[in-house]
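Asker: the sequence and its predicted three-dimensional model are supplied below.
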Amino acid sequence: MFKLLSALSKLTSRAALYISFAGLIGMTIIISWQFFARYVLNAAPSWTEQAALLLMLWFILFAAAAGVREGFHIRLTLVQEALPPNRKRLLRLFCHGVVLFFGAAMAWAGGGLVIETWSHTIPTLGLSRGVAYLPIALSGALIVLYAVERIILEMQGGEAESVWN
């Protein structure tokens, strides 16, 4: 069962990083087009700012979720390093639990935002406003998955295998 969880975790983490990469490239293209249209053509398109912000939400939140699994999120280890080994493990378990709770709150609140705003439209894009909040719910669910994997690995004394291995 854990191997299935680990394989799913690795697959979704890789997908989240690819989505983030594509979103960053897309946002760069959109902002470049906006700059060119505004300063060269003297006619800035109205949709570019909203599209760039929408993509930014998607790629930041999915990269943050992948960061939980891969362990490249921001953290302070000063206290952890000063503790004896058994206390270090307890502190790491506590931290993974806090991350799990935070991810669950993101998934729950983000899902609520999606439901509440699905009927609203982003005028310049013609998309549902819920599309802007969907990555909060999805990345929250991924954070929960990755935190559960981290907790199990911590209890077994293992480490998550990187998506690039």
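Answerer: Noted; the coordinates are in hand.

Asker: which ones are touching Ser13?
Answerer: Taking C-beta atoms under 8 Å, 6 or more residues apart in numbering, we find Ser13 in contact with 65-66, 69-70, 142, 146, 163. Glycine gets a C-beta too; all of them are placed from N, C-alpha and C.

Asker: so which of those residues belong to strands?
Answerer: Cross-referencing the contacts of Ser13 against strands under DSSP state E gives no overlap.

Asker: can you pick the most crowded of those residues?
Answerer: Greatest neighbour count in the contacts of Ser13, by other C-beta atoms under 10 Å, goes to Ala65: 29 neighbours.

Asker: what ranges does this structure have for its strands?
Answerer: Under the criterion DSSP E, strands of the chain are mapped to 121-122, 127-128.

Asker: what residue ranges in the protein are flagged as low confidence?
Answerer: Low-confidence segments of the chain (pLDDT under 70): 73-79, 160, 163-165.

Asker: flag every buried residue along the longest helix along it.
Answerer: In the chain, assigned by DSSP state H, the helix with the most residues is helix 2-39. Residues of helix 2-39 classed as buried under the neighbour-count rule (16 or more other C-beta atoms under 10 Å) are 6, 9-10, 12-14, 16-17, 19-20, 23-24, 26-27, 30, 33-34.

Asker: picking that back up, including distance to Cys95, could the contacts of Ser13 go into JSON lines?
Answerer: Below are those laid out as JSON lines (distance: C-beta to C-beta, whole Å):
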{"residue": "Ala65", "distance to Cys95": "16"}
{"residue": "Ala66", "distance to Cys95": "18"}
{"residue": "Arg69", "distance to Cys95": "14"}
{"residue": "Glu70", "distance to Cys95": "15"}
{"residue": "Leu142", "distance to Cys95": "17"}
{"residue": "Tyr146", "distance to Cys95": "13"}
{"residue": "Val163", "distance to Cys95": "21"}
